[in-house]
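# Okay, here's the prediction I keep looking at, along with the sequence it came from:
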Amino acid sequence: MILGWLIVILIAGGLIAWPLARLHPLLSRLIALSAVTLDLALALVLATRDFGPGSTAGGGWREELDWSWIPQFGIHFHLGMDGLSFLLVLLTLFLGVVAVVVSWTEIATAVGFYHFNLLLILAGILGVLLSLDLFLFYFSWELMLVPMYFLISVWGRERRTHAAVKFFLFTQLSGLLMLIALLALYFAHHQATGIYTFEYQDLLGTPLDPHRAMWIMLGFLAAFAVKLPAFPFHTWLPDACAEASAASNLVLASLMAATAAYAMIRFLLPLFPEAVHTISPLMIVLAVIGILYSAILAFSQTNLMRLVAYASIGHLGFVLLGIFAGNSLALRGTVMTVIAHGVSIGALFLVAGAVEKRVQSREIDTMGGLWDTIPCLSGVGLFFALAALGLPGLGDFIGEFLILIGTYQAHIAAAAVAALGVLAATFYALRFVQYAFQGTNIHSWHLPDLAAHEGFVLGVLIAVLLWLGLYPQPVLQTLAQAASHAPALWR
Amino acid sequence: MTAIPMADGLILGGILFAVGLAGVLLRRNLLLILVSIEIMLNGAGVTFVAAGSRWGQADGQVMFLFILAAAAAEVSVGLALLLTYYHRRQTLDADYVNEMRG
Amino acid sequence: MGCVHVISLLPLLIIAATSVVVLLAIAVRRNHAAAFGLTLAGLAAGICSTFFTPPNQATQLLLMDRYAFFFMGLLMAASLFIALLSYGYLAAREARREEFYVLLLVATLGAMTLTASSHFTSLFLGIEILSVALYGLIAYLRDRSLPLEAGIKYLVLAGSSSAFLAFGIALVYADLGVLDFATVAQRISSTQSGSALGLLIPGTVLILVGVGFKLALAPFHMWTPDVYEGAPAPVTAFVATVSKGGMFALLLRYFSLSGADRSPRLLLVLSIIAIASMLAGNLLALFSTNIKRILAYSSIAHMGYLLVAAEVSSRLGVGAGAFYLVAYFVMILGALGVVTLLSSGERDADRFEDYRGLFWRRPVLALIFTAMLLSLAGIPLTAGFLAKFYLVAAGADSHAWLLIFVLVVTSTIGLFYYLRVVGVMFHQPASERLVPEPLPRRTPAVSVVLVALSAFLIWFGVFPSPLLRLIQFAIGKIF
Amino acid sequence: MLRLLWLVPAIPLASALALAVLRLSQKTVAWLGTCSITASSVISLLVSISFLNAPPASGAYTQILWRWFDVNGLRPEIALYLDPLSLVMMVVVAFVSFLIHLYSTEFMSGDDGYGRFFAYMNLFVGCMLTLVLANNLLLLYLGWEGVGLCSYLLIGFWYRDPANGRAGRKAFIVTRAGDTAMVIGLFLLFHDLGTLNIQDLMHRAVLQWPIGSSGALAAAFLLLSGAVGKSAQLPLQTWLPDAMAGPTPVSALIHAATMVTAGVYLIARTHTLYSLAPQAQFAAAVIGAATLLMAGFSALTQHDLKRVLAYSTISQIGYMFLALGVGAWPAAIFHFMTHAFFKALLFLGAGIVIESLGGEHDIFRMGGLRQKLPVTFWTFLVAGCSLAGLPLITAGAFSKGWIVWGAYSAANGSAELWVVALAGVFLTALYTFRMIFLVFFGQQNSQVTRKPGPAMVIPCLILAFLSIAGGYIRTPFASYLSTVLAWNPGITRSPSFGEMFSEAIVALVFFLGLCLAYVFFLRRRDYSTVLASSPAGSVLHRFWFSDWGMDWLYDHLFVRPVVWIAKVGKGDPIDGFYAGVGRLNEIAWRGLSLSQSGRLRWYAAAVAAGTIVLIGVVIFS
C-alpha cells in the first residue's frame, strides 16, 4: 500500500500545487517540496524496514500492491519493489527534492503548472520503476513524456519548441515500437497458455521461437535505447538539454536515463535472454563507439548544457556496455553508474545552470576567469567535473570500474577501448573547468557566489558522491536483494 | 416486346456513367457538372433496371426509384446553392471555386 | 412488418419525429430557443430509447441490434453536443437559425440509418439522407463565401461519389442478384473472381469509393480540408464525427459479417487505402497553419487507423474500432468545441495567430485543447491512448504487422503537428503582462460541453473498464 | 603504535578538506596546512620506529580500515600495508613534504590562493601516502589518480594564465594515458588471478604463471605503461618539462621528490610480477637507459632553470628505471630517496633564486649570485654535487654508483647498459655544473630584490644535510630492504671488473664532466656559443631543446587529429541523418500540399484516378 501512496502523494501534490500558485507562488513551491520530501521520507522508512540491516536477506518483492485495473485485457495496477527498484526510487525522490529546491529561484513564470509537471514526471518515473504489470509500465513510460515536453517547451531557452518536439518525437516513436513488441509478447503468451495477462512474472516464462523473440526484443530495445539515450539515437538529448532549464535537465538526463537502464535490467534481460545474448556484440560495439563519440563531441561543444549532455551520453554508454556485457559484475556496476551518473551529471547541470544565472549565457566562450569572483561555485564545478571524468574515490569511478572489469571477463577488446573513453572524458571535463572557471576574468565580473540553498544542495550531492565512491557497499548490498528475481543475471 | 439482353443494359449504364464522369471532369460550368452527376446517377439506375430484369426481381426498379428521388433532392439543394453562389460571384466557373487550398 | 418491428425502430422514429416537430414549430413561430430545446429533448429521448428498445431485425433493410443501438446512441450524443455548440455560435451569426436543427436532425437520422443497415438499399438511402442534409448544413451561413464554397465542393464531390456508390451497388446486384450484406459478404468471400459476370469485384471497389469518400480516406480525401475549413465549426464537428461515425459503423458491421475468410484482394485494396490515408493525412498536416485544416488532415489519418480495425475485424478489432470511434468523437468534438468557443463573429478561429499564447491568456481553454490534441496523438491519461493501444492490440493479434508499423510511424509524424499547435498555444508573449482572460460570456453551453468532454477524455483514458464492458455487450451479438 | 598508521594519510586528507571548506586567515592556513603534515610525518616516524623495533612476525603490518565493496569475488578493502618498502616511501614522502610545506608558508605568502594552495598540497600528501601504503591495487590506483589530480591542479594553480592551465591538462592527460593501460592491467590481473590485493596477487602469480608466460608479460607491460606515464619516462615524458608552470614548491614536491617516482614504487611493489616477465623488466631497463640519455641531452640545452631541473628529474628517474629493469631493486629505491632529498633541494634553491630575481627563469640572465645568496649557493652546490655524483661525499654518488654497478652486474645487466649509465653520469655532471656556473658564478646580470627568510632557508639546510648524509646508510638500507626487495645478482662475469672499479670509473667520468662544464660555461663561454652555432651544433641544439621533437610529433599525431575531429563533429554528424528524415517529410508535405489545389475538377479527377488504380490493383493482383 505504501507504494501506492508514493505515487498518489506526488500526483496529489501536483494537483494541489497547481492552482495554489494563483494565490502565491511560494505556496505552490512549498506544497511541491513537502510532497516530494514526504515521499522521500516514506522511501527512507522503507529503507529501514525492508532493506535495513535487520531485514532478512531473502528475495521476493519487499513491497507489493495489486489491484485489478482493466480486467478485459488482464491489466492490473500491480506495483512491487525489490532492491533494484528501491535504489532507483530513492535516487528519483532524492533528485526530485533537489529539482524542486533548485527551481525555487530559477522558475518564475507559471510556477504552479511547473510544479504540477515536475511532480507528474516523478510520479511517472516511480510508476516505471515500480510496475510489475507491463501495461502499467508502458503507461507510466509514456506518461513521463508530456510533462517533460512542457518543462522543455515552456521554461526553456530560445529554440525550446524545436528541442521539445524533437524529444517528444524520438521517445514517442520508440515507445510505440515497444507497444507493438509488448502486444506481440502478450499475444504470444496467450497463444502458449491461453491466458491474457500483462503480468511481469507470468510473461517471464513465455516460450518464444528465437526469430520472434528477436523482433519483440528489438521493439523493447528501441524504446529503451532511445530513452537512455544510446548511440546512435542520442541526438535529442543535447538539443533538449541545450534549451531546457537546469532542473529539467537534471530530470531529463539523470532520471529518464535511470528508467531506461532500469527497464533494460528489469525487463529486457530476463524476458529475452537468448535474443539479448545474440545481439549483445552489436550493442557492445555501439556502446563503445558511443562512449568515444560522445566524449569527442563533448570536447567540441561550446554550449555548457550541451557539453554536459554529451558527457551524460558517454556515461550512459558505459551503462549500455554494462547491461550487455552479460556479466554480473558489470551489471552491478551499471546500477552504480546509473546512480552516480544521476548525481554527478545532474549536479553538473545544476552548476551550469548556476553559472548561467550569473553570467546570463550558456556559451563557454563568454565565460572564463570565474574563479576570481565565484570561487565556491567554481570549486564545486571542478569537483563534479572530476566526478565525471571518473576520479577514483567518487561514485562514478566505482560504477565504471565494475562495468569495465566485468566487461573484461567476456570482451577484452571492448573493455580496453571503453577504458580509452575514461581517458577521453578527461578532455572535456578539463576543458569545461578551464573555459568556464579558469583563465582571466576579462569581463571583470563581480558576481554573487553560491546562495545558501544552492550551496546546501550541491554540498549534499558532493557528500553523496563521496559516500558512493568510498563506501558503496550498502548500495551493492541492497542490490544483491534483487538477485532473486533473475538469478541468472546476477550470479 | 422482346426482352433486351442484360448485357446491353449494362453497357448502356456503363456508357452513361462514363459520360457523366467525363462531364464532371471536363466541364467547367457548375450547372453542367451538376447535370453530369445526374447522368452518372442515371447510368447507375439503368444498370439497376437491367440487373433487376435479369433476376426477375422488382428490387432493381425500386432502387431506380430511390436513385431518382435522391437525385432530385440533390439537384434541388444543389441548384439553390449554385444560385446563391452566382449571386455572390457572378460566375459558375468551377475553376474559380478555389478560395481554400493548401 | 409487425408492431415489434416498429417498436425496434424507436430511436429512428424519435429523431425523424423530432425533425418534423421542429419543422412544424418553425412554421408556427420562429424561436431559436424553442427549436434548440426541442432538438435537445428529441436527441435525449432518442439516446434513452436505445437503452430499452428491444433488438430486432426490422424488415430486410434494418438490423436493429445492440450494435446498432450503441452506435445510434453515440451518434445522437454527438449530435446533442453539436447542437449545444451550435446554439451560441448561430446566435452570433445568422438570422434564421432554426432550420439548422432540422437539418442536423435529418443528417443524424441518415447516419443512424447507416449504423443499422444490413442491406445496400438502406445503405444508399442512409448516405443520401445524410448527404443532402449536409449540403445544407455546410453552406448554412450562406452569405459568407467560404461556407458556400465548401458546400458546393461537397455537393459536387459527394454527388459524384454517390453515383459511384450507386453504380457499384448496381454492378454487384447485376452479378449476384441479392443486396443484403450477409449474402453479399459471404459470396464475395467464397468466389474467387469466378462470379458469372466478373462484375462483383469492380462493383465492390466502386462501393468502397463511395464509402471511402464519406470517410475521407485517401485517395478520396481531398475534399476534407476545404470542407472542414469552410464549414461553420459545429458543422465541421458534425462532418468529422456523426457523418463518419455512421459510415464506419456500417463498414465494421459489413466486415464482421464476412468473417475470417475474406477476399485477399479486397484486403489488399483496404490495406493500400489504409496506408495511403495514414501517410497522406499525417504528411499533409505537417506544416499547415490552419487549425481546421490540420484537424481535417488528422481525421484522414484517423480514419486510416480505424480502417486497420475494420480490416482486422476480429472480435478484438470490432471492439477496438468501436472504442477508437468513441474516443475519436470525444476528442474531435472537444477540439472543435474549443475552435467554436474562440471563433469571433466574423470568422472561425482557425489561424495560428488566434491561438498564439492562448495558455497565458486562457489557461483552462488552452489545457483542454491541449488535452484533446494529445489525445488525438495518443498520449496516456487520455482516451486516445487507450484507443490506440486497443487498435494496435487488435492489429498485433491478427499479425497485421505492416499496418500497425505504418500506424505507429505515421502517428509519430502526426505528433509533430499536434505539438506545433500546442507549442503555439504555450508560446510565451515576450513583453505583455500575463493576465489570464476570463472565459467569454454567453457560452455556458459550450463550456459545459467542453468540461464534460474533458471528463470523458480522462475517464476513458484512465478507467476504460465501464466503456469496454458496454462495447463488449453491444458487439456481443455480432459474433 | 602501529595502529596509528591510518592517521598518516588521514590527517593530511582531513586538513585538506578543512582548508577547502573553511574560510581561514593566511596565518591559520599556514599553521593548519603545515601542522597537519608535521603531525603526519611525526606519526610516520613513530610508526616506523615501532615497526623497526618490533617488526611483526610476517614482516609486514596490515591495517584494514573498512571493506570498500564486495561483489562477486571482487572485494577490495580500504586497507594500509606497511612493510620495509612502503615504510621507506612513507617516511621520505612525509618528511620531504613537511619540509616543502614549511618552505611554502613563506614562498607563497601574499598569494591570493594561499588557502587553495595548501588545500591542494595537503590533498596531494594524503593521496601520495595512500598510494604508498595501499594494500591493494585499486586503492593504490585511487592514490595514483589522486596525486595526478593534485599535480594537475597545482600546475594550473595560477589559473589566470591559460598557458598554465594547458600545461596542467597536458600533464593530467598524458599521465592518464598511461593510467588507462594500467587500469586495463588491473582488469587482467583480476580476471586471471581473481584478486587485487597486492600480496595475494604476487603470491598467486608465482603459482599460476610460469616465467615468461603471456599473462605475466601482458600484466607487467600494462603496469609498466602506467609507471612510465606517471614517472615521465619515454615515450610519455613530454608533460614534465611543461609542468614547471606550477609554483616552485609544487615542482619540488610533486614533480621531483614524490609523485613522479610513484612509477618506480609501483614496479618495485610488484617486482615479483616482473621477475615472471623478464622481457617486460628488460623493457623497463631499456626505457630507463634511453630516457636518461635523452633527457640528459635535453637538459644541456635548456635556458629555463626549472626546465633544466625537470629534464634532470626525468633523467634521474631513468636511472631508477634502469635499476629496476636490471634487477638492482634496492638501488632504485635508494636512488629514489637520495634523489628526493637533493632534487627537492635544487628546486627549493631554484625557487629562491627565481624569487629573488623577481621571477627571472633564464639562466643566461642570471650569474654571480654566489655572493648575494650565499646560503642558497652553498646548499644548491651541495645538491648539485649530489645530483652529479661527487664521489665519496655526496648521497647521490652512492646511489648512482650503485645503479651504474647494477647496470653491469645485476640480473639483466650488461656492458652496454653500463656504458649508457656512465654516459648519463657524464651528462649529469655537465648540465649540473653548467647550471651552477651560469647561475652563481660569472658576473651578476640582474638585481636581487628579495632575500629568503628562515622558513625558506631552514628546509634547504636540512635537505642539504640529508643530501650528504643520506648516502652513508646505503649498506644498512640494503640489508633492511632485502627482506622484501633483494638485489637480484647476475652471473659474475669477470672478477677483475668489481664494484670498486666501476665506482672509480664513475668518479672519473664525473670529473670529466665537471671540467668540461668549467671550460665551456665558466672559463670560455664563447666555446659553447661557437659549438651551438655551428651547423650541426645548432640542429642538435634545437632538436635537444625541443625534447627530441617529441612534442611536435605528439601534437601532429594525436592532438591535432583529435581537435580536428572534434571540430568537424561539433554539430553531431549522426544528427544529420535525423535532420534528413525531417527534411524528407517536409518535401513529402510540399508535394502532397500541391495536390490540395482547391480545384473541384482536380479533386474529382483524383477520385476517378484512385478508383481506376484500385480496380487495377484488384484485377491484376
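Sure thing, it's come through. Residues are numbered from 1 along each chain as shown, chains lettered A, B, ... in the order given.

# Who's the closest spatial neighbour of D:Val88, skipping the chain neighbours?
Sequence neighbours aside, D:Ile333 is the residue nearest to D:Val88 in space, at 6.2 Å (criterion: Cβ to Cβ, 6 or more residues apart in numbering or on different chains). In short, each C-beta sits where N, CA and C put it, glycine included.

# Does the one you found touch D:Val484 like I think?
No - contact between D:Ile333 and D:Val484 fails when scored by Cβ atoms under 8 Å: they sit 9.9 Å apart.

# what's the overlap in contacts for the two?
D:Leu85 (Cβ atoms under 8 Å, 6 or more residues apart in numbering or on different chains).

# quick one: which of those two has more around it?
D:Ile333 (27 against 20; other Cβ atoms under 10 Å in any protein chain shown).

# do you know how far the more buried one is from D:Thr291?
18 Å (Cβ to Cβ, to the nearest Å).

# same question, D:Arg75
For D:Arg75, the distance to D:Thr291 equals 38 Å [Cβ to Cβ].

# Just want to know which of those two has more residues nearby.
Taking other Cβ under 10 Å, D:Arg75 and D:Thr291 do not tie; D:Thr291 has more neighbours (27 against 15).

# does the more buried one really touch D:Leu236, like I thought?
No - taking contacts as Cβ under 8 Å, D:Thr291 lies outside contact range of D:Leu236: 10.0 Å.

# Low-confidence stretches in the chain?
Because you didn't say which chain, this covers chain A. Residues of chain A meeting the criterion pLDDT under 70: A:52-59, A:483-485.

# wait, chain B
Scanning chain B for pLDDT under 70 picks out B:1-3, B:102.

# Report the central residue of it.
Centroid-nearest residue in chain B, with Cα atoms, centre = their mean: B:Glu38, separated by 2.3 Å.

# That one: what's its closest spatial neighbour, skipping adjacent residues?
Going by Cβ to Cβ, 6+ apart, B:Glu38 has B:Ala71 as its nearest residue, at 5.5 Å.

# What parts of the stretch 201-350 of chain C come near chain B?
Contact residues, the stretch 201-350 of chain C versus chain B (Cβ under 8 Å from any Cβ of the partner chain): C:Pro225, C:Asp226, C:Glu229, C:Gly230, C:Ser288, C:Asn290, C:Arg293.

# for chain B, what are the nearby residues on the stretch 51-200 of chain C?
Residues of the stretch 51-200 of chain C lying close to chain B (Cβ under 8 Å from any Cβ) are C:121, C:124-125, C:128, C:131-132, C:135-136, C:139, C:142, C:145-146, C:148-153, C:155-156, C:159-160, C:162-164, C:166-167, C:169-171, C:173-174, C:177, C:179, C:197, C:199.

# Next one: the closest residue to chain C within the stretch 351-500 of chain D from chain B, what distance?
The nearest approach of the stretch 351-500 of chain D to chain C comes at D:Gly359, 52.9 Å away (Cβ to the nearest Cβ). Distance, D:Gly359 to chain B, by Cβ to the nearest Cβ, to the nearest Å: 73 Å.

# Any stretches of the stretch 251-400 of chain D with poor pLDDT?
For the stretch 251-400 of chain D (pLDDT under 70), the answer is none.

# how much space between the spatially closest residue to A:Val111 that is not a sequence neighbour and chain B?
Take A:Val111 and drop its neighbours on the chain: the residue closest to it by Cβ to Cβ, 6+ apart is A:Pro25, 4.0 Å away. Distance, A:Pro25 to chain B, by Cβ to the nearest Cβ: 43 Å.

# A:Pro25: what's it in contact with?
A:Pro25 sits in contact with A:Ala108, A:Val111, A:Gly112, where contact means Cβ under 8 Å, 6+ apart.

# does the first one count as helix, strand or coil?
Secondary structure state of A:Ala108, per DSSP: H, G, I helix; E, B strand; the rest coil, is coil.

# That one: what's it in contact with?
By Cβ under 8 Å, 6+ apart, A:Ala108 lies in contact with A:Pro25.

# quick one, phi psi at it?
phi -120, psi -20 (degrees, to the nearest 10).

# quick one: it from C:Tyr328, how far?
Going from A:Ala108 to C:Tyr328 by Cβ to Cβ gives 39 Å.

# where are the low-confidence patches of the stretch 151-300 of chain C?
Within the stretch 151-300 of chain C, the segments meeting pLDDT under 70 span C:190-197, C:258-262.

# residue boundaries of the helices in it?
C:181-190, C:200-215, C:223-230, C:233-238, C:244-258, C:264-285, C:291-312 (DSSP state H, counting those that start in this stretch).

# Excluding its own residues, what touches the shortest one? List them.
Think helix C:233-238. Outside helix C:233-238, the residues touching it (Cβ under 8 Å, 6+ apart) are C:78-79, C:81-82, C:85-86, C:89, C:104, C:107, C:134, C:137-138, C:140, C:227-228, C:292, C:295, C:332-333, C:336-337, C:339-340, C:343, C:348.

# thinking again about what came up before, quick one: what helix or strand has the residue nearest to D:Val88 in it?
helix D:329-356 (DSSP states H and E).

# for A:Gly112, same thing?
helix A:111-130.

# other SSEs contacting that helix?
helix A:2-23, helix A:25-50, strand A:75-81, helix A:83-106, helix A:134-143, helix A:145-155, helix A:256-263 (3 or more Cβ pairs under 8 Å, 6 or more residues apart in numbering or on different chains; DSSP states H and E).

# Please enumerate the helices of the stretch 401-550 of chain D.
D:415-440, D:454-469, D:474-481, D:499-518, D:525-533, D:535-545, D:550-554.

# OK, contacts around B:Glu38?
By Cβ under 8 Å, 6+ apart, the neighbours of B:Glu38 are B:Gly20, B:Ala71, B:Val75.

# Next, format those residues as a markdown table and append secondary structure and distance to D:Arg560.
A markdown table is the format used below for the contacts of B:Glu38 (DSSP: H, G, I helix; E, B strand; the rest coil; distance: Cβ to Cβ, whole Å):
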| residue | secondary structure | distance to D:Arg560 |
| --- | --- | --- |
| B:Gly20 | helix | 76 |
| B:Ala71 | helix | 81 |
| B:Val75 | helix | 81 |
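
# Just name the closest of these to chain D, please.
Once Cβ to the nearest Cβ is applied, the member of the contacts of B:Glu38 that ends up nearest chain D is B:Gly20, at 11.1 Å.
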